[in-house]
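[1] build me a structure from this.
(chains A and B)
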Amino acid sequence: MNATIARLSFQALFGRRRGLVLMVVPALLIGLAVLIRALTEQGVGYELVDNVGFTLALPIVALLASSAVLGPEIDDGSIVYLLAKPVPRHAVATSKYVVAWLATLAFGAVPLLVAGLVIDSSDPRRALAWLVAGVVAGTTYSALFLGLAALTRHAVVVGLLFVLLWEGLLGGLLRGIRWLDLGAWGIEVGASVSSLVPPPGTGLTYALIASAVVALGSVWFAGDRLRSFTLRGDE
Amino acid sequence: MSTLVLDAVSRWYGNVVAVNGISMTVGPGVTGLLGPNGAGKTTLIALMAGFLSPSAGTVTLDGRQIWRSTEVHRTIGLVPEREISFGYLTGRQFVLANAELHGLADPGAATERALGVVEMTEPAGRRIDTYSKGMRQRVKLASALVHDPGVLLLDEPFNGVDPRQRLHLMGLLQRMGAEGRTVLFSSHILEEVEQVARQIEVVVSGRHAASGDFGAIRRLMTDRPVQYVVVSDDDRRLAAALIAEPSVVGVTVRGVTVRGVTVSGGTVSGRGGLDLAVSDLGSFAVRLPRLARDAGVRIIELTPTDESLESVFAYLVST
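    All right, here's what the predicted structure looks like:
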């Protein structure tokens, strides 16, 4: 962990337009929740938290945050300024991860709690369960997408395909996908907080271990890619 | 005092060989890395800075392997050709971040010192995206100097920099070299290199074409067969006189074209002119006017046809 890298990453995230998009997503979610609450009974439309907030908004926020802290600097080669330093490359990756992770929690996971409470304030435990699910899934999503950003310059496209096709479409059709579904593991952990969250059925232990393996493995991978970072000229 | 050693270094990307078996030693003082665009200069600098693994051979700094070592960056300062994209930072914030990343005891003082060296103290409070090319170049240099490195590597540092700032930068590099630092910079312009560097390494098409003192390199580049086109009012008489000259190794009469055709520049080249091959440029330049006067021939046009740097380099490679 390196405070300077973290500070620069934070500035890279919020000093550009992408940072604003990061705030638009949770604002839309909470706005929708307020609208639903105003037009319907308490507790109606809770699917918003699950189907929109957790399945769509959270991974998109994680994808935007993780690719913003690393992608542009690798694309234009300006990351050499950070790497031409006696700072271990794994520390660079970890510092960038921490910034992306905090942004994902703030703009992806916490809005789940807020939206849940807006729609149904009578059962805070249910909203809390979605917050827990969001924290777990946000942790793995942001790590995985950081690894992707270190691997390919098409990280955003690959990440979207993973979220929409693999987890969204195939995950809905084939139950076996849940064993390789970051979102499902998060819900599994959330389900242990409130019975109103349906568990996908991988078991709590598997969900926790798999999440930890993906998160740690991805951040380590990103650091390893940075160790082999190659500077190319325009020629 | 630090010395960079490249030993039989090659680097290829798939089928493309970017650097081909180069051995060189870069010691204290200023060294110019000269070569046309695409010769592999950036690849060489990336290898020296630890941002590329050699496909074969070794790159070492004072005996230590450079690739995948984060510690070498305490000794190396790198100024890449790429623009800094940290436009959302001020120059001072950017240099300060570099100082912090080096873990310096007093990053603030080191930042001000580096900004002072490149004369950027005053505009350092502005965001980088408001800077001119020359100012960006100087901020990049400040960020590379902030930890007082023994080795300074610069990739095309004078590109796009206006003449006044160029002079300032050149003076700066000379001072760094005189202080005993190992300074290496790349350029594709001979005049630029010989103004700053005593030692010149020439790279062409990934190969080490020449190495030595700037005077020797200059001679190597100017004392070569040169092609000219000369147009006069009596080409054949001039040709007869020219072929008697020892410095002229070939004369060909060009095909006669339509009379009275005006070429751009206002010269009349209705006659075809002569293609000349000259072996000794110096004595030819002295002899030609006298020879023309003695023969009673008026020279209308004299144009070198292969003065481009590429042809100079091509000649160096073929010898």
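[2] can you pull the buried residues of whatever helix or strand A:Val132 lives in?
    Applying DSSP states H and E as the criterion places A:Val132 in helix A:124-151. Going by neighbour count (16 or more other CB atoms under 10 Å in any protein chain shown), the buried part of helix A:124-151 is A:126-150. C-beta coordinates here come from the backbone N, C-alpha and C atoms, glycine included.
[3] residues from chain A in reach of chain B?
    A:2-5, A:7-8, A:11-12, A:15-16, A:72-73, A:76-78, A:80-89, A:227-235 (CB under 8 Å from any CB of the partner chain).
[4] could you turn the buried ones of those residues into a ChimeraX selection?
    A single ChimeraX command selects the buried members of the residues of chain A next to chain B (16+ other CB under 10 Å):
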select /A:2,4,5,8,11,12,72,73,77,78,80,81,82,83,84,85,87,89,229,231,233
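[5] residue of chain B closest to chain A, please.
    B:Thr42 (2.9 Å; CB to the nearest CB).
[6] touching, that residue and B:His188? I think so.
    No: counting by CB atoms under 8 Å, B:Thr42 stays clear of B:His188, with 11.2 Å between them.
[7] doesn't A:Ser9 belong to a helix?
    Yes: A:Ser9 forms part of a helix when assessed by DSSP: H, G, I helix; E, B strand; the rest coil.
[8] list the contacts for it?
    Going by CB atoms under 8 Å, 6 or more residues apart in numbering or on different chains, A:Ser9 touches A:69, A:95-96, A:99-100.
[9] in chain A, where is pLDDT below threshold?
    Low-confidence segments of chain A, defined by pLDDT under 70: A:233-235.
[10] now do the helices in it.
    In chain A, the helices defined using DSSP state H lie at A:3-14, A:17-39, A:47, A:58-75, A:80-83, A:89-104, A:110-119, A:124-151, A:155-161, A:171-173, A:182-191, A:204-227.
[11] mind exporting the C-alpha coordinates of the first one to PDB?
    Presented in PDB, the C-alpha positions along helix A:3-14 are these (Å, rounded to 0.1, in the frame of the first residue of the first chain):
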ATOM      1  CA  ALA A   3      -0.400   6.600   0.000                       C
ATOM      2  CA  THR A   4       0.900   8.600  -3.000                       C
ATOM      3  CA  ILE A   5      -0.300   6.000  -5.600                       C
ATOM      4  CA  ALA A   6      -3.600   5.900  -3.800                       C
ATOM      5  CA  ARG A   7      -3.900   9.700  -3.800                       C
ATOM      6  CA  LEU A   8      -3.000   9.800  -7.500                       C
ATOM      7  CA  SER A   9      -5.500   7.100  -8.300                       C
ATOM      8  CA  PHE A  10      -8.200   9.000  -6.400                       C
ATOM      9  CA  GLN A  11      -7.400  12.000  -8.500                       C
ATOM     10  CA  ALA A  12      -7.500  10.000 -11.600                       C
ATOM     11  CA  LEU A  13     -10.900   8.600 -10.700                       C
ATOM     12  CA  PHE A  14     -12.600  11.900  -9.700                       C
END
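[12] angle of that helix against helix A:58-75?
    Counting by axes from the mean of the first three to the mean of the last three CA atoms, to 10 degrees, helix A:3-14 lies at 110 degrees to helix A:58-75.
[13] likewise the second one?
    Using the same axes, to 10 degrees, the inter-axis angle of helix A:17-39 relative to helix A:58-75 is 170 degrees.
[14] tell me what angle helix A:17-39 forms with helix A:89-104.
    Using the same axes, to 10 degrees: helix A:17-39 against helix A:89-104 is 30 degrees.
[15] what comes up buried for helix A:17-39?
    For helix A:17-39, by 16+ other CB under 10 Å, it's A:18-19, A:22, A:25-26, A:29-30, A:32-33, A:36-37.
[16] so which elements touch that helix?
    helix A:58-75, helix A:110-119 (3 or more CB pairs under 8 Å, 6 or more residues apart in numbering or on different chains; DSSP states H and E).
[17] how about low-confidence regions in the stretch 1-150 of chain B?
    In the stretch 1-150 of chain B, no residues with pLDDT under 70.
[18] quick one: mean pLDDT for stretch B:189-208?
    In this model, stretch B:189-208 has a mean pLDDT of 88.
[19] which residues in chain B form strands?
    Along chain B, the stretches classed as strands by DSSP state E are B:4-13, B:16-26, B:29-34, B:56-61, B:64-65, B:76-79, B:151-154, B:182-187, B:199-204, B:207-213, B:226-232, B:248-253, B:274-278, B:299-304.
[20] circling back: count of neighbours near the residue of chain B closest to chain A?
    24 (other CB atoms under 10 Å in any protein chain shown).
[21] residues of chain B that sit close to chain A?
    Residues of chain B lying near chain A (CB under 8 Å from any CB): B:37-38, B:41-43, B:46, B:49-53, B:68, B:70-71, B:73-74, B:76, B:78, B:80-86, B:88-89, B:97-98, B:100-103, B:143-144, B:155.
[22] how far away is the residue of chain B closest to chain A from A:Arg16?
    Distance, B:Thr42 to A:Arg16, by CB to CB, to the nearest Å: 27 Å.
[23] same question for B:Ile189.
    If you go by CB to CB, the gap between B:Ile189 and A:Arg16 works out to 36 Å.
[24] check A:Gly31 too.
    Taken as CB to CB, the span from A:Gly31 to A:Arg16 is 24 Å.
[25] A:Trp179 too?
    From A:Trp179 to A:Arg16 the distance is 37 Å (CB to CB).
[26] other residues contacting stretch A:212-223?
    A:70, A:88-94, A:96-97, A:139-140, A:143-144, A:146-147, A:149-151, A:182.
[27] how about stretch A:170-183?
    Contacts with stretch A:170-183, where a contact means CB under 8 Å, 6+ apart, come from A:54-55, A:58-59, A:137, A:140-141, A:144, A:166-167, A:184, A:200-202, A:206, A:210-211, A:214.
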